[in-house]
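Participant: Task: produce atomic coordinates for the following.
(one chain, ligands or ions: 2)
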Amino acid sequence: MERAARLAQHFVAEQAPAPQLETHATSSSVRGYNVAVLGAAGGIGQPLSLLLKLSPQVRELRLYDVANTAGVAADLSHIATAPRITSHSGAGALPDALYGADLVVIPAGVPRKPGMTRDDLFNINAGIVRSLCEGVARFCPSAWVAVISNPVNSTVPIAAEVLRRAGTFNPSKLFGVTTLDVVRANTFVAEALGLDPAAVNVPVIGGHAGVTILPVLSAATPRLTVPEQQARALMARIQDAGTEVVKAKAGAGSATLSMAYAAARFAEACLRAMSGEPGVVECAYVASSVVKDLPFFASQLRLGPAGIAEFLPLPRLNALEQDNFESMKEELVSSIAKGVGFMNGK
Ligand SMILES: NC(=O)C1=CN([C@@H]2O[C@H](COP(=O)(O)OP(=O)(O)OC[C@H]3O[C@@H](n4cnc5c(N)ncnc54)[C@H](O)[C@@H]3O)[C@@H](O)[C@H]2O)C=CC1
Ligand SMILES: O=C([O-])CC(=O)C(=O)O
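Facilitator: Ligands and ions are numbered 1, 2, ... in the order given. Predicted coordinates:
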């Protein structure tokens, strides 16, 4: 019997810990973590896997996709860094990719073409995220899960519902990756201020589509003092930045390289928090009670060894941001309801 099938059978039949890889290192004995990338042969998956191969936090990097992971894995495995690379192609290989994973990053799914919204991807990507999360619930129920697949505003509620139904949902460990919005905001604000982007931090709250992306420019550090018209233009550029890339790629997909950078930054933050490093703060789209009537919301989170350790208070919004905040609510409510409706067969 295949190792994956044996592991799966063992897990289901006996509910006992299988020969698990050594994980959950403590800060005093860091051995690294097992990270699975689902969709690893894709436009984001490949450069993301490259960046994770460079991470000192990673012990084993499992590359899973419906096909074509063998070549990516062979290629990456020649890089002279510590993480061990494994290849898992096809649905039958999912259990092996997930078993003992500490962090699962999901960039699986179709990207936009010009003229499409992220929501236009729902019909295909909803089912992909559902089936992958069913695997997570079964084979690595304690893992942290970072969902990249769009529309994030709906795929994260789907992931939550899958895990909840399986009895394994831990809201502190499920994240929609919105780091690219923060990365873009930092870059564009740094350009405006003539600074190194590494010295800039802009919290971005809400969700990950159009008006739901709310960069809180008034809370940027260092302080951004620009005329309102320039602030409006910056906000619009950050909100439309995904579309800017989709248009420039002219049918060849959406952001992959900047997204890989952003996802690697987020994954690295998760692994540092897991290992007990204090003061790890990132924005992400999570199950939340920070805003009434929005059960999923992106805001600044302090991460700890067990996932979300604290929801930081929302920054104070100026009039322009408050306006945007009010106009995002309806869209976010309906995107969340669409995800939940999908799980209810609607
Ligand atoms: N959260 C964010 O900020 C961003 C999200 N995205 C989203 O990320 C997703 C992936 O984008 P790209 O990598 O550019 O697309 P891509 O098409 O280049 O790669 C997607 C990969 O997913 C794989 N895949 C499809 N179904 C799968 C399944 N059931 N199991 C495992 N793998 C499967 C494909 O074989 C392919 O290799 C898209 O939905 C895109 O909209 C893209 C950029 C930013
Ligand atoms: O725009 C897209 O379709 C991909 C994405 O989410 C982004 O680049 O922010």
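Participant: burial count for the residue nearest to Gly210 when sequence neighbours are not counted?
Facilitator: Excluding the flanking residues, the one nearest Gly210 by Cβ to Cβ, 6 or more residues apart in numbering is Gln239, at 5.8 Å. C-betas here are computed from N, CA, C, even on glycine. The tally of other residues near Gln239 (other Cβ atoms under 10 Å) stands at 23.
Participant: Gln239 against Ile213, yeah?
Facilitator: Yes: with contact defined as Cβ atoms under 8 Å, Gln239 counts as touching Ile213 (4.8 Å).
Participant: Tell me where the stretch 201-346 of the chain has strands.
Facilitator: Using DSSP state E, counting those that start in this stretch, the strands of the stretch 201-346 of the chain run over 204-206, 213-215, 280-287, 296-304, 307-311.
Participant: Among these, which comes closest to ligand 1?
Facilitator: In terms of Cβ to the nearest ligand atom, the element of those nearest to ligand 1 is strand 280-287, at 8.7 Å.
Participant: List the buried residues of that closest one.
Facilitator: For strand 280-287, burial by neighbour count (16 or more other Cβ atoms under 10 Å) applies to Val280, Glu282, Cys283, Ala284, Tyr285, Val286, Ala287.
Participant: and the residue in the stretch 101-250 of the chain that ligand 2 sits nearest to, what does it touch?
Facilitator: Ligand 2 sits closest to Gly242 of the stretch 101-250 of the chain, with a gap of 2.3 Å, by Cβ to the nearest ligand atom. Contacts of Gly242 were listed using Cβ atoms under 8 Å, 6 or more residues apart in numbering, and they are Arg112, Arg118, Leu180, Ser254, Ala255.
Participant: Identify the farthest-apart pair in the residues you listed.
Facilitator: Spatially, the most separated pair among these is Arg112 and Leu180, at 13.7 Å (Cβ to Cβ).
Participant: for the stretch 51-200 of the chain, which spans come out with low pLDDT?
Facilitator: Nowhere does the stretch 51-200 of the chain drop to pLDDT under 70.
Participant: And the helices in it?
Facilitator: Applying DSSP state H, counting those that start in this stretch to the stretch 51-200 of the chain gives helices spanning 69-77, 94-98, 122-139, 152-165, 179-193.
Participant: Show me what the last one is packed up against.
Facilitator: Think helix 179-193. Here helix 179-193 touches strand 204-206, strand 213-215, helix 228-239, helix 241-249, helix 257-274, strand 280-287, going by 3 or more Cβ pairs under 8 Å, 6 or more residues apart in numbering; DSSP states H and E.
Participant: Check the fourth one too.
Facilitator: Here helix 152-165 is seen to pack against helix 122-139, strand 144-147, strand 174-176, strand 280-287, strand 296-304, helix 319-343 when contacts are counted using 3+ Cβ pairs under 8 Å, 6+ apart.
Participant: So which residues on the stretch 151-300 of the chain come close to ligand 2?
Facilitator: Contacts of the stretch 151-300 of the chain with ligand 2, taken as Cβ under 6 Å from any ligand atom, map to Leu180, Gly242, Thr243, Val245, Val246, Ser254, Ala255.
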